[in-house]
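S.K.: How does the following fold in three dimensions:
(chains A and B)
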Amino acid sequence: KQEVTQIPAALSVPEGENLVLNCSFTDSAIYNLQWFRQDPGKGLTSLLLIQSSQREQTSGRLNASLDKSSGRSTLYIAASQPGDSATYLCAVLRMDSSYKLIFGSGTRLLVRP
Amino acid sequence: DTAVSQTPKYLVTQMGNDKSIKCEQNLGHDTMYWYKQDSKKFLKIMFSYNNKELIINETVPNRFSPKSPDKAHLNLHINSLELGDSAVYFCASSQGRGLSGNSPLHFGNGTRLTVT
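M.R.: Got it, this is the predicted structure:
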């Protein structure tokens, strides 16, 4: 059974800091891993998708890495801004006929001005 | 605007009632989903349709029935609502079951259902 864990559950940092969010999963048989952002009262916005054959993806100040063998992914946010405050969720797409996306419970990030 | 839109945004109703949530996407995707987010913020898949065909049907009560009239729409009907059904329900879409890097999931803004 695939389980996805995100640590820490909450994080508060001053503006300008670089930070790392962690995601771990128990079954390495995945098609891809996705990072999402959720703002209060809103849906999820896709940030980065890493295919199982890839090691990392970058978009602007965001960099996501994937180590499938150890079941880990990190989301690196450079030069954090108050606008980055949100809940960040990772999800893995199971490599079976179910095509199910299994979500972690998220890391709630607060970037203080 | 291209998007996944779901209505209503808020739904407050009493136990035992029947309600529906509608979802539409104009992204040209062929796969649509319903997710439930509970009070602890865990997102769990409920249903998925690919080209109007049901491909994921999680262990949810049969009081929940999805309907896909075409690949741009996936509605969720709930019969005999219970207190435990209170949650935020998200609709999402992707192309080709979201396997490729070019088609992550696109989510609607959610429907907050409160059953009293």
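
S.K.: Just the buried residues of the helix-or-strand element of chain B with minimal mean pLDDT, please?
M.R.: Here the helix or strand of chain B ranked lowest by mean pLDDT, DSSP states H and E is strand B:53-57, holding a mean of 82. Buried residues in strand B:53-57, defined by neighbour count with 16 or more other CB atoms under 10 Å in any protein chain shown: B:55-56. Every residue, glycine included, has its C-beta placed from N, CA and C.

S.K.: And the next helix or strand past that strand?
M.R.: strand B:64-70 (DSSP states H and E).

S.K.: elements contacting that next one?
M.R.: strand B:43-50, strand B:73-78 (3 or more CB pairs under 8 Å, 6 or more residues apart in numbering or on different chains; DSSP states H and E).

S.K.: what's next to the shortest one, contact-wise?
M.R.: Counting by CB atoms under 8 Å, 6 or more residues apart in numbering or on different chains, the neighbours of strand B:73-78 from elsewhere in the structure are B:18-25, B:32-34, B:46-47, B:49, B:63-69, B:85, B:89, B:91, B:113.

S.K.: Stretch A:52-63: which residues count as buried?
M.R.: Buried residues in stretch A:52-63, counted by 16+ other CB under 10 Å: A:52, A:57, A:62-63.

S.K.: Tabulate the helices and strands packed on strand B:64-70 (a markdown table), appending distance to B:S103 and mean neighbour count.
M.R.: Formatted as a markdown table, the helices and strands packed on strand B:64-70 follow (distance: least, CB to CB, whole Å; neighbours: other CB atoms under 10 Å in any protein chain shown):
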| stretch | distance to B:S103 | mean neighbour count |
| --- | --- | --- |
| strand B:43-50 | 12 | 21 |
| strand B:73-78 | 16 | 20 |
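
S.K.: Closest to chain B out of the buried residues of stretch A:52-63?
M.R.: Distances from the buried residues of stretch A:52-63 to chain B were compared by CB to the nearest CB; the smallest belongs to A:Q57, at 7.9 Å.

S.K.: for the closest one, what are its contacts?
M.R.: Residues near A:Q57 by CB under 8 Å, 6+ apart: A:48-50, A:63-64, B:101.

S.K.: Does stretch A:36-56 reach chain B?
M.R.: Yes - Stretch A:36-56 reaches chain B (CB under 8 Å from any CB of the partner chain) through A:36, A:41-46, A:49-51, A:54.

S.K.: which of those residues tops the neighbour count?
M.R.: A:L44 (30 neighbours; other CB atoms under 10 Å in any protein chain shown).
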